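Engineer: Next one to model:
(2 chains)
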There are 2 protein chains.
Amino acid sequence: WQIVERDGIMQLQRSFTFRNFAQALDFTNRVGELAESQGHHPAITTEWGQVTVTWWTHKIRGLHRNDFIMAARTDEVVHANV
Amino acid sequence: WQIVERDGIMQLQRSFTFRNFAQALDFTNRVGELAESQGHHPAITTEWGQVTVTWWTHKIRGLHRNDFIMAARTDEVVHANV
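Structural biologist: Below you'll find the predicted structure:
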């Protein structure tokens, strides 16, 4: 995970690679399920063979402890796939 | 649709708004189905209430006629939802 700044907002971002588009989209859906279950939603960019997940807390326009927890949970979603 | 330049590559981009995360993710999946059916894949950024779709042709690092066709088909996917 990298901390990036976008439009003046600190965000936590990581890209994950996959073998094709379908596997990337499948991961997107699983991260989406995680987000819905926690009521906290990232930006998820789905491309052929790659998904980039970005967490931040809209209300504070920056990073909250919860974003780091969600990042760790996102990693668990990947490992659940292996 | 707007033509944007990212990393020196011309791309066709449009954002669509939705009432929540679930509807945004549903649209992402339908655009994904379209992409798989045509063998041409965009970048799709899914957020709470918004999906941004970006079309370009990797091979030519720019825009091909096919990207404009895919953009029009993406619009049809939205309208199919209404």
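
Engineer: Find the residue at the geometric middle of chain A.
Structural biologist: Ranked by distance to the mean C-alpha position of chain A (C-alpha atoms, centre = their mean), the top residue is residue A:53 at 2.8 Å.

Engineer: what sits against that one?
Structural biologist: By C-beta atoms under 8 Å, 6 or more residues apart in numbering or on different chains, the contact set of residue A:53 is A:13, A:14, A:15, A:16, A:31, A:42, A:43, A:44, A:71, A:74. From N, CA and C alone the C-beta is placed, and that goes for glycine too.

Engineer: what's the helix or strand for it?
Structural biologist: strand A:50-55 (DSSP states H and E).

Engineer: Residue A:46 - how many residues pack around it?
Structural biologist: Residue A:46: 29 surrounding residues under other C-beta atoms under 10 Å in any protein chain shown.

Engineer: Pull up the pairing partners for whichever strand or helix holds it, direction included.
Structural biologist: For residue A:46, the host element (DSSP H and E) is strand A:43-47. If you go by DSSP bridges, strand A:43-47 pairs up with strand A:50-55 (antiparallel), strand B:43-47 (antiparallel).

Engineer: quick one: average pLDDT of the last one?
Structural biologist: To tie it back to what came earlier, the one meant is strand B:43-47. The average pLDDT within strand B:43-47 is 98.

Engineer: Residue A:68 touches residue A:10, doesn't it?
Structural biologist: No - between residue A:68 and residue A:10 there is no contact under C-beta atoms under 8 Å: 11.7 Å.

Engineer: if we can go back for a sec, what residues of the strand holding residue A:53 count as buried?
Structural biologist: By 16 or more other C-beta atoms under 10 Å in any protein chain shown, the buried positions in strand A:50-55 come out as A:51, A:52, A:53, A:54, A:55.

Engineer: Which pLDDT value goes with the last one?
Structural biologist: If I follow you right, that is residue A:55. Looking at residue A:55, its pLDDT reads 98.

Engineer: Identify the residues contacting it.
Structural biologist: If you count contacts by C-beta under 8 Å, 6+ apart, residue A:55 has them with A:11, A:12, A:13, A:40, A:42, A:63, A:67, A:70, A:71, A:74.

Engineer: which among these gets closest to chain B?
Structural biologist: Closest approach to chain B among these (C-beta to the nearest C-beta): residue A:42, at 7.8 Å.

Engineer: No further queries at this time; thank you.
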